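K.L.:
following is a predicted model, sequence given first.
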Amino acid sequence: MLAFGTIKTTVLSFKVLKLPSSKIEGSRQLKCKASKMELTITQPDDWHLHLRDGELLQAVAPHSANFFGRAIVMPNLKPPITSTAVAAAYRESILKALPADSDFSPLMTLYLTDTTSPREIKLARESGVVFAVKLYPAGATTNSQDGVTDLFGKCLPVLEEMAEQNMPLLVHGEVTDPNVDVFDREKVFIDTILQPLIQRLPQLKVVMEHITTMEAVRFVESCSYGSVAATVTPQHLLLNRNAIFQGGLQPHNYCLPVLKREIHRQAIVSAVTSGNKKFFLGTDSAPHEKRRKECPCGCAGIYNAPVAISLYAKVFEEAGALDKLEAFTSFNGPDFYGLPRNTSKIKLTRTPWKVPESFSFSFGDIVPMSAGETLEWQPSSI
Ligand SMILES: NC(=O)N[C@@H](CC(=O)O)C(=O)O
Ligand SMILES: [Zn+2]
Ligand SMILES: [Zn+2]
């Protein structure tokens, strides 16, 4: 796996110590010593998470519940979560999969199809358990075969109802036209779907999920605050497309949208570490069994739940922007969704720890992002 730049402990400590206290949200929370450093932040939420179902859900839910307060749970199960009733049942099974003392709160989403009705959106809003609707262009990614074939042709009444109900639309922003190069699919989606959509329905709240390009950064920056935002994954902040081919084919670095060139990675890092409130944490942690990744026609998706907070801290540290980490992990998301910020805190300690090569379960193994690597920051609850 590629690492861009090294962690410069002395430089970092110097930078943090030098920050004017007015620039550090709750500067008393940053305690620096020469060799050890500790950071206390409001508990983060994950605004894009795949928890799956069945034994996979049982296996992965505790990893997210360890340090995240809430998560927007993706609906791309088989069959997909297309109604509020099914979303409520799925929520119950997630709660059952959590450790007994967990306060983790799953925020459910509906999977938009060509036949979703405006009435379903009303039901979703009234339920209090559904917080967004997810657009998968049919064929764009894992379990998207029931997704939308023609957004403007089939879904306008539903989108109008969503705007009315203040129900956010979350988008997997890639076109599926096989003639469009796989590295250009996000950019073309912005030009042909997203721009026209926000022009047509400026009231609709849209989250561009897992952005991967400088064009997406610019698009989100150009939209007004509160109408369009973006989630950002650890992999799109830390890796460029070389990581898919480094020393041989690396299936555990394959996700969708696919990793892009280094200039795109840098644009995303600049955007999130600038403190812009339109960008927030969404891991897109997407577990697949090892044998479904390491095979011909392997699945897209990176399992990063166990390492995500450490990796985000690494990105902000390398950019000299640890003072902006908390807003990205814990404020910008709830502010955009109109939800309260968490009140509990977590601690990040500079305690190097080795990421397991894999997690073993009765049904098989799951390989996490950064498997076998040593990470500097270790989260713990307070
Ligand atoms: N990101 C991925 O590569 N895969 C996700 C689907 C998605 O978020 O597009 C999955 O569900 O496996
Ligand atoms: Zn996606
Ligand atoms: Zn996803």
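P.N.:
Noted; the coordinates are in hand. Ligands and ions are numbered 1, 2, ... in the order given.

K.L.:
every contact and neighbour count from this point should use C-alpha atoms.
P.N.:
OK.

K.L.:
report the contact partners of residue 56.
P.N.:
By Cα atoms under 8 Å, 6 or more residues apart in numbering, the contact list for residue 56 reads residue 287.

K.L.:
regarding residue 377, what is its secondary structure?
P.N.:
What DSSP: H, G, I helix; E, B strand; the rest coil gives for residue 377 is strand.

K.L.:
quick check: it vs residue 351, distance?
P.N.:
As judged by Cα to Cα, to the nearest Å, residue 377 and residue 351 stand 6 Å apart.

K.L.:
ok, these two, which is more surrounded?
P.N.:
The neighbour comparison of residue 377 against residue 351 (other Cα atoms under 10 Å) goes to residue 377, with 24 against 14.

K.L.:
and the stretch 1-150 of the chain, which of its residues are near ligand 1?
P.N.:
Residues of the stretch 1-150 of the chain lying close to ligand 1 (Cα under 6 Å from any ligand atom) are 141, 142.

K.L.:
residue ranges with poor pLDDT in the stretch 1-150 of the chain?
P.N.:
Scanning the stretch 1-150 of the chain for pLDDT under 70 picks out 1-36.

K.L.:
residue 252 contacts residue 295, doesn't it?
P.N.:
No - counting by Cα atoms under 8 Å, residue 252 does not reach residue 295; the two are 11.1 Å apart.

K.L.:
of those two, who's got more company?
P.N.:
residue 252 (25 against 10).

K.L.:
now the strands for the stretch 151-300 of the chain?
P.N.:
Remark: strands assigned in the stretch 151-300 of the chain by DSSP state E, counting those that start in this stretch are 169-171, 206-208, 228-232, 279-281.

K.L.:
packing partners of the second one?
P.N.:
This points to strand 206-208. Under the contact definition 3 or more Cα pairs under 8 Å, 6 or more residues apart in numbering; DSSP states H and E, strand 206-208 sits against strand 169-171, strand 228-232.

K.L.:
residues contacting stretch 162-177, please?
P.N.:
Residues outside stretch 162-177 that contact it (Cα under 8 Å, 6+ apart) are 118, 121-122, 125, 131-140, 185-190, 201, 203-210, 257, 337.

K.L.:
now, of those, which are buried?
P.N.:
Taking 16 or more other Cα atoms under 10 Å as the criterion, what is buried in the contacts of stretch 162-177 is 118, 121-122, 125, 131-140, 185-190, 203-210, 257, 337.

K.L.:
identify the residues contacting residue 114.
P.N.:
The contact partners of residue 114, by Cα under 8 Å, 6+ apart, come to 147, 148, 149, 150, 151, 154, 155.

K.L.:
next, the first one: phi, psi?
P.N.:
When read as degrees, to the nearest 10, the backbone of residue 147 gives phi -70, psi -170.

K.L.:
leaving out the residues flanking it, which one is nearest to it?
P.N.:
Nearest residue to residue 147 in three dimensions, chain neighbours excluded: residue 138, at 4.1 Å (Cα to Cα, 6 or more residues apart in numbering).

K.L.:
surely the one you found and residue 146 touch.
P.N.:
Yes - contact criterion Cα under 8 Å: residue 138 and residue 146 qualify, at 6.1 Å.

K.L.:
residue 64 belongs to a strand?
P.N.:
No - with three-state DSSP as the criterion, residue 64 is helix rather than part of a strand.

K.L.:
show me what contacts it?
P.N.:
Contacts for residue 64 (Cα under 8 Å, 6+ apart) come out as 305, 306.

K.L.:
distance check, it against residue 72.
P.N.:
The value you get for residue 64 to residue 72, if Cα to Cα is used, is 11 Å.

K.L.:
next to ligand 1 in this structure, residues from the stretch 201-350 of the chain, please.
P.N.:
255, 256, 284, 286, 300, 301.

K.L.:
which one, of the strands of the stretch 151-300 of the chain, ends up nearest to residue 159?
P.N.:
Nearest of those to residue 159, taken as Cα to Cα: strand 169-171 at 8.1 Å.

K.L.:
now do the closest one, average pLDDT.
P.N.:
In this model, strand 169-171 has an average pLDDT of 99.

K.L.:
anything in it near ligand 1?
P.N.:
No - Strand 169-171 lies out of reach of ligand 1 by Cα under 6 Å from any ligand atom, never closer than 9.4 Å.

K.L.:
chain center to stretch 235-245: distance?
P.N.:
Counting by Cα atoms, centre = their mean, to the nearest Å, stretch 235-245 is centred 16 Å from the centre of its parent chain.

K.L.:
could you export it as CSV, CA atoms only?
P.N.:
Output in CSV follows, covering the C-alpha atoms of stretch 235-245 (Å, rounded to 0.1, in the frame of the first residue of the first chain):
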residue,chain,number,x,y,z
GLN,A,235,-8.9,5.5,0.6
HIS,A,236,-9.6,8.5,-1.7
LEU,A,237,-7.5,10.7,0.7
LEU,A,238,-4.6,8.4,1.1
LEU,A,239,-4.3,6.4,-2.1
ASN,A,240,-4.0,7.1,-5.8
ARG,A,241,-4.7,4.7,-8.7
ASN,A,242,-1.1,3.4,-8.5
ALA,A,243,-2.2,1.5,-5.4
ILE,A,244,-4.3,-0.8,-7.4
PHE,A,245,-1.3,-2.0,-9.4
